[in-house]
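[1] dropping the sequence and predicted coords here.
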Amino acid sequence: KRLFELGAVNQAPPQMLEMFSLPDLIFAFIWLVVSVGMFNSKSKIWNAAGAVATVVVYLLIR
């Protein structure tokens, strides 16, 4: 949703869940954690774990 559609221009900032849906926030959090894990570790398990977590969340939420 756009901020203008929410009437948030020149107003207090809207709540996070008013701007983004819960699944979108969960996917962003999963991908952020997996990205940090991938670049801070040499283990390739982060790629597989991130893919599995994304599919599981997608099937449970969508």
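    Happy to help now that I have it.
[2] and the helix ranked longest in the chain, what's buried?
    The longest helix of the chain (DSSP state H) is helix 22-40. By neighbour count with 16 or more other CB atoms under 10 Å, helix 22-40 contains the buried residues 26-27, 30, 34, 38. (C-beta placed from N, C-alpha, C; glycine too.)
[3] contact partners of that helix?
    Contact with helix 22-40 is made by 16-17, 46-47, 49-50, 53-54, 57-58, 61-62, as judged by CB atoms under 8 Å, 6 or more residues apart in numbering.
[4] what are the contacting residues of the helix or strand following that helix?
    Downstream of helix 22-40, the first helix or strand assigned by DSSP states H and E is helix 45-61. The set of residues that contact helix 45-61 without belonging to it, under CB under 8 Å, 6+ apart, is 22-23, 26-27, 30-31, 33-34, 37-38.
[5] switch the cut-off to 10 Å
    21-24, 26-27, 29-31, 33-40, 43 (CB atoms under 10 Å, 6 or more residues apart in numbering).
[6] run through the chain and note the low-pLDDT ranges.
    1-4, 6-11, 14 (pLDDT under 70).
[7] quick check, central residue of the chain?
    Central residue of the chain (CA atoms, centre = their mean): A28, 1.9 Å from the mean position.
[8] gap between it and A12?
    The gap separating A28 from A12 is 23 Å, by CB to CB, to the nearest Å.
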